[in-house]
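> Sequence and predicted structure below; questions after.
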Amino acid sequence: MSTKQDLLNAAAREYKAFHEALQGLNEEHMTEVWLGTWSVRDIVAHISGWHREMTPALERLARGERPVPPGVSYDDVDAWNDTFATARRHDAAADVLLDLDKTHETFMHAAASVPDDRFVEGKTAWKIVDGNSAHHYKEHGDQIRAWRSDKGI
């Protein structure tokens, strides 16, 4: 199996596990602030935001272009995270979850369109896909599972 396929499979597995971590949470649970200033809804919204932001980067890579347009910087990750979470702060949790499914699907489709030879561990395509899928889902899924365990939810 190729590095690309391994990465896409890991993303699918961790996405399923992330969804399982969300299973059974109601609106009150989803909007309770517990991770600094964030709730589960905020976590989900920021993941969707990164999907939305990185999908065009993958599409550019698939065309053989640079992933980031001139003048755009992702150096201040915290600012981007806040922007994505804040944008959905007043939306119903169900809408944010639906958006997660849509953005995940679009992101994964874009990742699949990048040529296999662009997926070298530690290189751009690999970093974008891993950092915004499997790694991201696992990181936040683990946090949510720990929070649920602490709260008895």
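Yep, that arrived.

> what residues does stretch 83-94 touch?
The list of residues contacting stretch 83-94 from outside it, by C-beta atoms under 8 Å, 6 or more residues apart in numbering, reads 25, 27, 30-31, 38, 40-46, 48-50, 53, 95-96, 99. Quick note: C-beta positions are derived from backbone N, CA and C, even for glycine.

> Please pick the buried ones from the residues you listed.
Neighbour counting with 16 or more other C-beta atoms under 10 Å marks 25, 30-31, 38, 40-46, 48-50, 53, 96, 99 as buried within the contacts of stretch 83-94.

> from those residues, which ones fall inside helices?
Cross-referencing the buried ones among the contacts of stretch 83-94 with the helices (criterion: DSSP state H) gives 30-31, 40-46, 48-50, 53, 96, 99 as the overlap.

> farthest-separated two in those?
Across these, the two members that end up farthest from each other (C-beta to C-beta) are Thr31 and Glu53, 23.4 Å apart.

> So Leu7 versus Gly131, what's the distance?
Using C-beta to C-beta, to the nearest Å, Leu7 is found at 11 Å from Gly131.
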